[in-house]
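Novice: using only what follows, build the 3D model:
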Amino acid sequence: MMELATRMKRAALLDAHVYEEVEADRGATSQAFAVVVLAAVSAGIGSLDNNGVAGVGYITGAALVGWVGWAWITCFIGTRFLPREETRSDLGELLRTLGFAASPGVLAVLAVVPPLAAVVFPICGAWMLVAMVVGVRQALDYEGPGATLRAIAVCALGFPVYALVLIVALLVLGPWPI
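Specialist: Here you go, the predicted model:
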């Protein structure tokens, strides 16, 4: 458990080395799953006023579907359309790095405090997006000049598809309780 917490902290601090660690550690897939669940449950708790207790389940389900969809899309774009010569990656590597990129999302629980709600979700979202770029850069083995820009491009190209997958997941899981 301590290893997970340490890795989450390092991932949230955008430590590229931890993304390399989890990329290579096939056993870290269950940890990445746990991070996604923790971040989703935190977001669900943070939005209790809007979505109620059932919202925690909806958000968690959508986050898990979105995580797998985002990893697949990112892997596809990064290895087929924007690879570099050194790019070697697979779905498992992207699942692990993108799972850990959700680490800042655990702070979404702070949105349960009404004055913080308006700033917590945008800050957590932006922070997770930056972490995703770091994770994508490391998982796709982008190095040298332009590595971060290439990772940003992969994320920018994949995001509309990811958003569509997330919307479909929310529709399949049912309407948001209001």
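
Novice: alpha carbons only for contacts and neighbour counts from here, please
Specialist: Noted.

Novice: tell me, which helix in the chain spans the most residues?
Specialist: Assignment by DSSP state H gives helix 48-76 as the longest helix of the chain.

Novice: which other residues reach stretch 72-82?
Specialist: For stretch 72-82, the surrounding residues in contact (Cα atoms under 8 Å, 6 or more residues apart in numbering) are 87-91, 94, 136, 140, 150, 154-155, 157-158, 161-162.

Novice: next secondary structure element downstream of the longest helix of the chain?
Specialist: Once helix 48-76 ends, the next helix or strand along the chain (criterion: DSSP states H and E) is helix 91-101.

Novice: and that next one, what does it pack onto?
Specialist: The helices and strands touching helix 91-101, judged by 3 or more Cα pairs under 8 Å, 6 or more residues apart in numbering; DSSP states H and E, are helix 2-12, helix 16-24, helix 29-46, helix 48-76, helix 114-139.

Novice: in the shortest one, what counts as buried?
Specialist: For helix 16-24, a neighbour-count test (16 or more other Cα atoms under 10 Å) marks 16, 18-23 as buried.

Novice: tell me which residue is most central in this protein.
Specialist: The chain has Ala102 as the residue nearest its centroid, 3.9 Å off, counting by Cα atoms, centre = their mean.

Novice: check what pLDDT it gets.
Specialist: For Ala102, the model assigns a pLDDT of 97.

Novice: hang on, it packs against Ala126?
Specialist: No - Ala102 sits out of contact with Ala126 when judged by Cα atoms under 8 Å, with a separation of 10.7 Å.

Novice: still on that earlier bit, between the longest helix of the chain and helix 91-101, how many degrees?
Specialist: Computed by axes from the mean of the first three to the mean of the last three Cα atoms, to 10 degrees, the angle separating helix 48-76 from helix 91-101 equals 150 degrees.

Novice: which positions in helix 48-76 come out as buried?
Specialist: Here helix 48-76 shows 48, 51-52, 55-76 as buried, counting by 16+ other Cα under 10 Å.

Novice: for Ala43, see how far away the nearest residue in space to Gly44 that is not next to it in sequence is.
Specialist: Leaving aside its sequence neighbours, Gly44 sits nearest to Val56 (Cα to Cα, 6 or more residues apart in numbering; 4.0 Å). As defined by Cα to Cα, to the nearest Å, Val56 lies at a distance of 8 Å from Ala43.

Novice: right, I'll leave it there.
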